[in-house]
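[1] okay, predicted coordinates and the sequence, questions at the end:
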Amino acid sequence: MMFRFTRVWLIAGMLLAIWLFSAVRRTGEEVWIRPVGTARPPVRILAFYASVGVLTAGQRALLCYGVENARTVSISPAIEGVYPALSRCLEILPQHTTHYMIMAEGYDGRVATQSFTLPVAVRPVRPTAVDLATL
């Protein structure tokens, strides 16, 4: 008898805790579920940048992006593994100065774009002993 009574109180306590967690909201918290029939917010590019300002040829960097309310995302020049995400970074290995552009299409058909140029410096050539002897 005692075991059943304890189980009832435990279940009631769990249901109360679930109800309290769903009823309490923090200020500034974003709602992830939108009511049926309401318009989706417009697509936004939250971030688009490289992890470094300048590269030397042969060095790797991270190309990071974040989009909101996007149906599709593409980056030019083409990079594999791009999809809508709030925050995502991909490894890149540009051999020369490259202009990157992100294009995000929203559910309403609108498009948001952003771009930047990542300079790639040519690796300096070190003089050899033979070159120094000819000077």
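    Sure thing, it's come through. Residues are numbered from 1 along each chain as shown.
[2] what's the spatially most central residue of the chain in contact with, if anything?
    Among the residues of the chain, the one closest to the centroid is residue 87, at 2.1 Å (C-alpha atoms, centre = their mean). Applying C-beta atoms under 8 Å, 6 or more residues apart in numbering to residue 87 gives the contacts 46, 47, 64, 66. C-beta: built from backbone N, CA, C; applies to glycine.
[3] next one, pLDDT for it please.
    At residue 87 the predicted local confidence, pLDDT, stands at 95.
[4] ok so, going back, which one of the contacts of residue 87 is nearest to residue 77?
    Out of these, the one with the shortest distance to residue 77 is residue 64. That distance is 16.1 Å, counting by C-beta to C-beta.
[5] the closest one - nearest residue in space that isn't next to it in sequence?
    Once flanking residues are discounted, residue 64 sits nearest to residue 89: 4.1 Å by C-beta to C-beta, 6 or more residues apart in numbering.
[6] do you know how far the one you found is from residue 82?
    Counting by C-beta to C-beta, to the nearest Å, the gap between residue 89 and residue 82 amounts to 11 Å.
[7] which residues do those two both contact?
    Here residue 89 and residue 82 have residue 65 as joint contacts, going by C-beta under 8 Å, 6+ apart.
[8] thinking again about what came up before, now the residue nearest to residue 64: how far from residue 50?
    Residue 89 sits 10 Å away from residue 50, going by C-beta to C-beta.
[9] higher neighbour count, these two?
    Counted by other C-beta atoms under 10 Å, residue 89 and residue 50 do not tie: residue 50 has more neighbours, with 20 against 16.
[10] got the contact list for that one?
    Contacts for residue 50 were tallied using C-beta under 8 Å, 6+ apart; they are 61, 62, 63, 64, 92, 100, 116, 118.
[11] so the residue nearest to residue 64 touches residue 61, yeah?
    No - counting by C-beta atoms under 8 Å, residue 89 stays clear of residue 61, with 9.6 Å between them.
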